[in-house]
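A.B. asks: my questions are about this predicted structure, shown below with the sequence.
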Amino acid sequence: MIEVAGGELHWRMDGPADAPVVMLANSLGTTLGMWDSQVPALTRRFRVLRYDMCGHGASSVPDAPFDIERLGRDAVALLDALELSRVHFCGLSLGGAVGMWLGAHARDRLHKLVLCNTAAAFGPASLWDARIEAVARGGMAAIAEAVLDRWFTAEFRQRDPAAVERVRQMLLTTRPEGYIPACAAVRNADQRANVVDVRAPTLVIAGARDSATPPSEGRWLAEHIAGARYAELPAAHLSNIEATPLFNESVLRFIAGQGE
């Protein structure tokens with residue numbers, strides 16, 4: 001655990017002590033465990049830093065509302081505490097929004113940036129308001145099945161129910177008092193004017209069947225970030241879980257510089 005403004009962050013490091021660091025940032029309603037399928041592949045060449053976003057997992061729930069900037073500053077505070085001057089950064093959905101903020105406002109802390117299943121703005125406020133109201137009234141169980149339907153294709157849910165169950169448990173054990181302000185942060189996020197300031201070499205990954213952040217959002221990001229690459233995987237929202245081999249290959253090839 002490390003202290004940040006208004007709370008504590010839970011983090012974990014895996015891999016060779018002298019290797020370059022890849023920092024992974026989780027999506028809304030998950031924990032650092034969402035990256036379990038990436039760790040074995042990444043740690044062959046990199047040191048992997050994972051953490052629970054504030055309000056998630058073992059990290060503390062802030063006393064006040066927060067926004068994407070606050071989450072970005074938390075990430076910087078973690079790097080400072082671990083004395084890491086620069087890292088490769090990979091974030092999915094909410095984690096990708098944090099990556100955009102870092103790319104625009106903390107450029108000197110990034111080597112390369114991977115933005116997965118994310119968007120510069122996350123759709124109608126009414127969707128997020130309805131989700132916030134549902135969780136406030138009925139807890140995480142009130143939204144779990146609808147969220148899982150957006151996160152995974154029906155075929156994957158049938159093919160790998162154990163993987164889906166692990167994610168369901170992450171979602172159900174997320175504290176409503178942490179999830180609700182994170183939903184509000186996503187609802188209020190609009191980085192469309194700022195992504196042009198991203199200078200780090202960037203890979204944008206989208207899921208061909210992602211209804212939460214459709215491929216059109218990923219293509220928009222790739223078009224507005226100078227020199228960005230774009231990859232589209234056969235998956236819904238959590239492409240790192242549904243299309244693990246292709247996801248890992250895409251991220252490793254980009255970060256390791258193969259083909260450049």
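C.D. replies: Perfect, thanks for sending it.
A.B. asks: check contacts around Ser93.
C.D. replies: Ser27, Leu28, Cys116, Asn117, Thr118, Ala212, Thr213, His237 (C-beta atoms under 8 Å, 6 or more residues apart in numbering). The C-beta positions use only the backbone N, C-alpha and C, and glycine is treated the same way.
A.B. asks: which of those fall within strands?
C.D. replies: Among these, the members falling in strands are Cys116 (criterion: DSSP state E).
A.B. asks: save the contacts of Ser93 as TSV, and put in distance to Val167 too.
C.D. replies: Shown next, in TSV, are the contacts of Ser93 (distance: C-beta to C-beta, whole Å):
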residue	distance to Val167
Ser27	10
Leu28	12
Cys116	15
Asn117	14
Thr118	17
Ala212	14
Thr213	16
His237	10
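A.B. asks: which one among the contacts of Ser93 gets closest to Pro181?
C.D. replies: Leu28 (10.9 Å; C-beta to C-beta).
A.B. asks: hmm, which of the contacts of Ser93 are the buried ones?
C.D. replies: By neighbour count, with 16 or more other C-beta atoms under 10 Å, those hold Ser27, Leu28, Cys116, Asn117, Thr118, Ala212, Thr213, His237 as buried.
A.B. asks: max pairwise distance over those residues: which two?
C.D. replies: Pairwise distances across these (C-beta to C-beta) peak at 13.1 Å, for the pair Leu28 and Cys116.
A.B. asks: from Ser59, how far off is the closest residue to Gly103 other than its chain neighbours?
C.D. replies: Using C-beta to C-beta, 6 or more residues apart in numbering and skipping residues adjacent in sequence, the residue nearest Gly103 is Val198, 3.6 Å away. Going from Val198 to Ser59 by C-beta to C-beta, to the nearest Å gives 26 Å.
A.B. asks: comparing these two, which residue is more hemmed in?
C.D. replies: Val198 (26 against 23; other C-beta atoms under 10 Å).
A.B. asks: return the residues in contact with that one.
C.D. replies: Met100, Gly103, Ala104, Arg107, Leu113, Ile225, Ala226, Ala228.
A.B. asks: can I get the CA coordinates of the one helix or strand the third one maps to in PDB?
C.D. replies: The secondary structure element spanning Ala104 is helix 94-105 (assigned by DSSP states H and E). The C-alpha atoms that make up helix 94-105 are tabulated as PDB, following Å, rounded to 0.1, in the frame of the first residue of the first chain:
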ATOM      1  CA  LEU A  94     -11.300   3.600 -17.200                       C
ATOM      2  CA  GLY A  95      -7.600   2.700 -17.100                       C
ATOM      3  CA  GLY A  96      -7.300   3.900 -20.700                       C
ATOM      4  CA  ALA A  97      -8.800   7.200 -19.700                       C
ATOM      5  CA  VAL A  98      -6.100   7.500 -17.000                       C
ATOM      6  CA  GLY A  99      -3.600   6.700 -19.700                       C
ATOM      7  CA  MET A 100      -4.900   9.500 -21.900                       C
ATOM      8  CA  TRP A 101      -4.600  11.900 -19.100                       C
ATOM      9  CA  LEU A 102      -1.000  10.800 -18.400                       C
ATOM     10  CA  GLY A 103      -0.100  11.100 -22.100                       C
ATOM     11  CA  ALA A 104      -1.400  14.700 -22.200                       C
ATOM     12  CA  HIS A 105      -0.400  15.900 -18.800                       C
END
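A.B. asks: starting at the chain centroid, how far to it?
C.D. replies: With C-alpha atoms, centre = their mean, to the nearest Å as the basis, helix 94-105 stands 9 Å off its chain's centre.
A.B. asks: any idea whether Ile180 is helix, strand or coil?
C.D. replies: Using DSSP: H, G, I helix; E, B strand; the rest coil as the criterion, the local structure at Ile180 reads helix.
A.B. asks: Arg137 is in contact with that one, correct?
C.D. replies: No: between Ile180 and Arg137 there is no contact under C-beta atoms under 8 Å: 11.2 Å.
A.B. asks: which one of these two is surrounded by more residues?
C.D. replies: Neighbour totals were compared for Ile180 and Arg137, and Ile180 leads with 19 against 9 (other C-beta under 10 Å).
A.B. asks: how about the contacts made by the more buried one?
C.D. replies: Going by C-beta under 8 Å, 6+ apart, Ile180 touches Ile132, Val135, Ala136.
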